[in-house]
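> Coordinates for the following, if possible.
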Amino acid sequence: MIQGTSSSVGKSVLVAALCRIFARRGLKVAPFKAQNMALNSYVTAAGAEMGRAQAVQAAAAGRAPEAEMNPVLLKPEGDSRSQIVLMGRPWKTLSAGEYYACREVLWSSVVASFEKLASENDLVLVEGAGSPAEINLKKHEIVNMRVARTFGCPVLLAGDIDRGGVFASLVGTLALLDEEERALVKGFLINKFRGDAKLLEPGLDMLSDLTEGRPVLGVVPWLKNLAVAQEDSVWLEERAADGSSCGVDIAVIKLPRISNYDDFDPLALEEGVSLRFVERPEDLGRPAAVILPGSKTTLKDLAWLRSSGFDGLVAALALAGSSVVGVCGGYQMLGRRISDPLGVEGLSSEESGLGLLPAETIFEPVKETTLARGRTIAVPPDARAAVPGFLSEESFDVEGYEIHMGRTVLPDGARPLLRFEDGRVDGAVSAGGRVWGTYLHGIFDNGAFRTAWLRSLGWKGKENPLSFAQVREQAFDRLADEVEAALNMELLERIIGL
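From the prediction side, this is the model:
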C-alpha cells in the first residue's frame, strides 16, 4: 500500500508505475483504492463508473478497469454534499455527516471488493487518500490505515520533496499514527526530486535514525509530461498557473465544478499547443479555441458563467472566428435551453443556454454510463462550400465514454457531430463548423480527429498518428523505467513478500 503525507504527493502515479513494473515481470496485478474523491471518472465495459486514476492504473497493469478497483467514489456537488457512486452506480447524495453515518455500509463493499481482487490476482497495489494522519477524521476513514490493518498491507509512506518540508512531513505523519499503524509502515518514498540525489544522503540517514531504522526505498525524480492522468484538483491549480501563451492558444474555462479535465491532456502534450485553464474573464484573451469542459452541476456552472461575464466573452470569440467546443456539461451549456423538471441537480428549474448550438437538454434521473465508438458525420458534398473546416469533408473514427444525466435533442435540420456504432447520434455542429459539442469523453484521445481539429486552428505541429492510448502506453513504460531505476527493488520485493 502507498500512503502519502498529503494529497498530491504522487500516490496515483507511483501506484501506476508499480502496476507496470510488476506486470512486466509477469504478475497479474490489480490496483485498488477503497474510496476516491474526484470529479474525474471513467466508465468500464460493464457501464460502471469509477475513479479515473484507478482506470489509468489498471491500464498500466494491462488490465480492463473493474468497479472493484474503486468501490466508493465521491463526486462533490458543492455545499458540503457529494454524490456517492457505490460499486459503479449512483447510490445517494449525502452531506459529510450523513456520509460518515453510512460508512459501515460502504465498508462492506470495500471488504468484498478487496477480497475479490486478492483472490483473482498475484498482487494488489493499494492507494491511500490524502494523509493517514488527519486525526480529526481518523475514526471515520475507510481508505487509509483501516484498509492496511484489515488486510495486513505493508505500507510505504510517500512524500513530495518539491513542496519542501518532506522530512518533517514523513516524521510527523509517522508520529501521529498509533503503534499498530506505525508497525505497518515499512519505509519511505521521496517523490518529485530535482537535482543530485547524493546531496540528500545525509538527510536520508537521519530520517532512518529518527524512525527506528525505517529505510528510504528510493528518491524518485521529477518527471515531466508523463501523460498519466492526475485526479487531484491541486494538480489542476498548478496547471492553470503554469499555462503559457506560446503556440496555438487553447483556453479551457475552469468551471467551479469542473469534471474530467483530463479530457484535454492529449492537447497539452502536443508541441506547439498552449493549453490554459482560465477562471477569470480578464485572463481569457483571444485564444484560437475556447473549451467548456464537463461539470458535475451544469446549471450552477452555467449561472457562474453568466455572473462572471464569461458568457458574453465566449459568444464574442465565436463571432470573431475562434473555435468554441463543449464537452458533456459544456456541450449542454452551448445549447439553447436546459430543463431540469425533476430537480435532478437540485430544485426544478429551466434556464437558457448560451445559444451557440441548436440543442436542448432535459435532465433525467438515470445516468448514462457507457463506452462508445463511432465516426464523425461529414458534410454532404453539395454543402461543403458553406461549411469550411476540419469537419467538412473528412470523417474520423472516434471512441471514448459517456457519463451524463441529461438527454440532448436537436431540431430537424440540425447537424449532429457523430454517429455511434449502435446507430445513435451525438453532439452538434454549428452552421459554420467552428462551434461544436459532444458527450464523448476522450474525443481528443483520437489522433486523427485531434490533429485535424488543431490544423483547423492553424497548428503547424508534427503529424502524430498515434492515439493517446498508444502515447500513454509509451508513457507507462517510461514511468516504470524511471521509478524502477530509483527504487531498491530487492528490498521492495522483500517487503511485499515476493
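> What strand or helix carries residue 203?
Residue 203 is part of helix 201-210, with elements assigned from DSSP states H and E.
> Let me fix that, I meant to ask about residue 474.
Mapping residue 474 onto the secondary structure by DSSP H and E places it in helix 468-486.
> elements contacting the following helix or strand past that helix?
For helix 468-486, the succeeding helix or strand toward the C-terminus, using DSSP H and E, is helix 489-496. For helix 489-496, the elements it packs on are strand 185-193, strand 216-221, judged by 3 or more CB pairs under 8 Å, 6 or more residues apart in numbering; DSSP states H and E. From N, CA and C alone the C-beta is placed, and that goes for glycine too.
> Please name whichever of these is nearest to residue 27.
Ranking the helices and strands packed on helix 489-496 by proximity to residue 27 (CB to CB) places strand 216-221 first, at 18.4 Å.
> what angle separates the closest one from helix 489-496?
Here the directions of strand 216-221 and helix 489-496 differ by 120 degrees (axes from the mean of the first three to the mean of the last three CA atoms, to 10 degrees).
> buried sites along strand 216-221?
Using 16 or more other CB atoms under 10 Å as the burial criterion, the residues of strand 216-221 that qualify are 216, 217, 218, 219, 220, 221.
> Over to stretch 333-349?
Buried residues in stretch 333-349, counted by 16+ other CB under 10 Å: 333, 334, 335, 338, 340, 344, 345.
> what's it in contact with?
With CB atoms under 8 Å, 6 or more residues apart in numbering as the test, stretch 333-349 has contacts from 292, 295, 297-302, 305, 324, 326, 332, 350-365, 405-406, 408, 428, 435, 437.
> for that stretch, how far is the first residue from the last?
Length of stretch 333-349, first residue to last, CA to CA, to the nearest Å: 14 Å.
> what about that stretch, distance to the chain center?
Once both centres are worked out by CA atoms, centre = their mean, to the nearest Å, stretch 333-349 turns out to sit 25 Å from its chain's centre.
> follow-up on the earlier one: switch the helices and strands packed on helix 489-496 over to TSV; also include mean pLDDT and distance to residue 179.
Converted to TSV, the helices and strands packed on helix 489-496 look like this (pLDDT from 0 to 100; distance: least, CB to CB, whole Å):
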stretch	mean pLDDT	distance to residue 179
strand 185-193	96	11
strand 216-221	95	22
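> Format those strands as CSV; extra columns: distance to residue 492.
Putting those into CSV (distance: least, CB to CB, whole Å) gives the following:
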stretch, distance to residue 492
strand 185-193, 8
strand 216-221, 6
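> What are the buried residues along the lengthiest strand in the chain?
Assignment by DSSP state E gives strand 360-376 as the longest strand of the chain. For strand 360-376, burial by neighbour count (16+ other CB under 10 Å) applies to 360, 361, 362, 363, 367, 368, 369, 370, 372, 374, 376.
> what do you get for stretch 280-287?
Across stretch 280-287, burial judged by 16+ other CB under 10 Å covers 284, 287.
> Contacts for it next, please.
Stretch 280-287 has contacts (CB under 8 Å, 6+ apart) with 245, 249-251, 253, 276, 278, 290, 308-310, 313, 317, 320, 322.
> Next step: those restricted to strands.
Counted as lying in strands by DSSP E, out of the contacts of stretch 280-287, are 249, 250, 251, 253, 276, 278, 290.
> Do I have it right that the first one meets residue 276?
Yes - Residue 249 is within contact range of residue 276, at 7.2 Å (criterion: CB atoms under 8 Å).
> Those two - which one has more neighbours?
Between residue 249 and residue 276, counting by other CB atoms under 10 Å, residue 276 is the more crowded of the two (23 against 20).
> helices or strands up against the longest strand of the chain?
strand 41-43, strand 337-340, strand 397-409, strand 418-420.
> could these be laid out in JSON lines, adding mean pLDDT?
Putting the helices and strands packed on strand 360-376 into JSON lines (pLDDT from 0 to 100) gives the following:
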{"stretch": "strand 41-43", "mean pLDDT": "94"}
{"stretch": "strand 337-340", "mean pLDDT": "95"}
{"stretch": "strand 397-409", "mean pLDDT": "93"}
{"stretch": "strand 418-420", "mean pLDDT": "95"}
